[in-house]
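Asks: What follows is a protein structure lacking sequence information:
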């Protein structure tokens, strides 16, 4: 059948492939998925946009302009207190 040397090499090869497979699965499990990465990018862009809007409003206030907030919760609170 197979010689002892061939058997040893075959066993070593099988163990090597098994180790590589387990290592690759562990590596892939540690990487963020595409959805998580996209969500993190979207949240960062959203936060940057909110900060830019707040900075622009502060600049307008400093120049003496009246800044109108377009926040629906503030609008409902204002109309509720007016009634």
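Replies: Yes, it's here. Here the structure is a predicted model, which is why all the values come from computation and not from measurement. Numbering: from 1, shown residues only.
Asks: where does the protein have its least confident helix or strand?
Replies: Using mean pLDDT, DSSP states H and E, the weakest-scoring helix or strand in the chain turns out to be helix 72-82, at a mean of 57.
Asks: so which strand or helix has the most centrally placed residue in the chain?
Replies: Per CA atoms, centre = their mean, the C-alpha nearest to the average position across the chain is that of residue 40, at 2.3 Å. Element membership for residue 40 (DSSP states H and E) is helix 34-62.
Asks: tell me which strands and helices that helix is in contact with?
Replies: Taking 3 or more CB pairs under 8 Å, 6 or more residues apart in numbering; DSSP states H and E as contact, there are no helices or strands that helix 34-62 lies on. C-betas here are computed from N, CA, C, even on glycine.
Asks: So for that helix, mean pLDDT?
Replies: Rounded to a whole number, the mean pLDDT of helix 34-62 is 92.
Asks: same check, this time on stretch 4-11
Replies: Taken as a whole, stretch 4-11 has an average pLDDT of 89.
Asks: Mind listing what's buried along the helix holding residue 40?
Replies: By 16 or more other CB atoms under 10 Å, helix 34-62 has no buried positions at all.
Asks: Run the chain-centre distance for it.
Replies: In this view, helix 34-62 has its centroid 15 Å away from the chain centroid, taken as CA atoms, centre = their mean, to the nearest Å.
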